[in-house]
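Participant: Have a look at this fold, sequence not included:
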């Protein structure tokens with residue numbers, strides 16, 4: 001089970017980015033995929049998750065939308081109206097079936113998102 005996160009970069013406040021998380025070694029319909037982020041000096045927080053069973057999703061930020069493409073075995077995080085506080089390393093992670101606050105067994109390598117003018 002492997003996850004590969006990408007799509008981060010430098011963006012101005014108010015801009016948008018789409019992160020991708022490509023899964024290999026398993027199919028998305030059996031796993032929940034979550035996006036976490038960690039900023040320097042702060043605890044890691046879960047920002048969005050999509051269930052493997054019914055694609056039910058949740059996001060702590062109304063500006064973020066999670067989706068998945070089963071054919072590409074990829075989960076996306078669309079981030080809009082970005083703010084400097086969104087600056088962090090973003091990770092994708094997988095756990096069986098349903099979203100939860102813990103139990104994520106596989107993690108991607110992280111992608112840096114920097115929001116700055």
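Facilitator: Structure received. Keep in mind that what you see is a predicted model, and the values were worked out from it rather than measured.
Participant: Now for the chain, the helix or strand with the poorest mean pLDDT.
Facilitator: The weakest-scoring helix or strand in the chain, judged by mean pLDDT, DSSP states H and E, is strand 57-59 (a mean of 73).
Participant: list the buried ones in that one?
Facilitator: For strand 57-59, a neighbour-count test (16 or more other CB atoms under 10 Å) marks 57, 59 as buried. (Each C-beta comes from the backbone N, C-alpha and C, glycine too.)
Participant: Pairing partners for that strand, with directions?
Facilitator: Strand 57-59 sits in its sheet next to strand 45-50 (antiparallel), going by DSSP bridges.
Participant: so how far is the strand it pairs with from its chain's centroid?
Facilitator: Offset of strand 45-50 from its chain centre (CA atoms, centre = their mean, to the nearest Å): 6 Å.
Participant: and for it, what are the contacting residues?
Facilitator: 32-38, 56-61, 64-68, 75, 77, 90, 99, 101 (CB atoms under 8 Å, 6 or more residues apart in numbering).
Participant: Excluding chain neighbours, what is closest to residue 7?
Facilitator: Leaving aside its sequence neighbours, residue 7 sits nearest to residue 19 (CB to CB, 6 or more residues apart in numbering; 4.1 Å).
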